[in-house]
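1. Below are the sequence and a predicted model; questions follow.
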Amino acid sequence: MACLAQPIVRQGEWRLLDALPAWEDNSTWSNYVIFSWLHAEQLLLVVVNYSPDPSQCYVRLAYPWLHSRNWRLEDWLSPAVYVRHGTDLTGRGLYLDLPAWGVHAFSFQPATE
């Protein structure tokens with residue numbers, strides 16, 4: 001819950017995002033609730049698998065400034081850290097695979113790797 005006290009949550013623009021199917025014949029994408037906060041090119045992405053079943057999806061991040069570099073996605077709710085290229089994030093999207101009732105709150109920072 002400490003992530004809710006961050007300035008980006010209080011000052012940022014909130015947006016509901018669409019989950020997209022991870023592959024054909026996999027309807028678990030509909031189990032996701034995904035939203036973001038954006039403030040001064042700082043991004044917080046929250047993804048929730050609102051289901052008692054493991055679920056997969058993609059979420060396309062339509063923020064043009066992400067496009068041309070690598071990004072470090074650091075989960076505020078776990079030790080998980082991922083590096084993804086902006087072309088993938090703005091194109092096909094970020095792939096998500098969460099257990100039942102799983103959740104992430106990713107902050108985005110330019111990757112130095």
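-> Happy to help now that I have it. Everything quoted here is computed from the prediction, not taken from an experiment. Numbering: from 1, shown residues only.

2. wait, what's in contact with residue 60?
-> With contact set as C-beta atoms under 8 Å, 6 or more residues apart in numbering, residue 60 has these partners: 17, 18, 20, 89, 90, 91, 92, 93, 94. (Glycine included, C-beta is placed from N, CA and C.)

3. quick one, phi/psi of the closest residue to residue 41 other than its chain neighbours?
-> Using C-beta to C-beta, 6 or more residues apart in numbering and skipping residues adjacent in sequence, the residue nearest residue 41 is residue 65, 5.6 Å away. Per-residue torsions, residue 65: phi -70, psi -10 (degrees, to the nearest 10).

4. ok, the residue nearest the centre of the chain to residue 98 distance?
-> Central residue of the chain (C-alpha atoms, centre = their mean): residue 45, 4.1 Å from the mean position. Per C-beta to C-beta, to the nearest Å, residue 45 is found 13 Å from residue 98.

5. Now for those two: what residues contact both?
-> The overlap between the contact sets of residue 45 and residue 98 (C-beta under 8 Å, 6+ apart) consists of residue 104.
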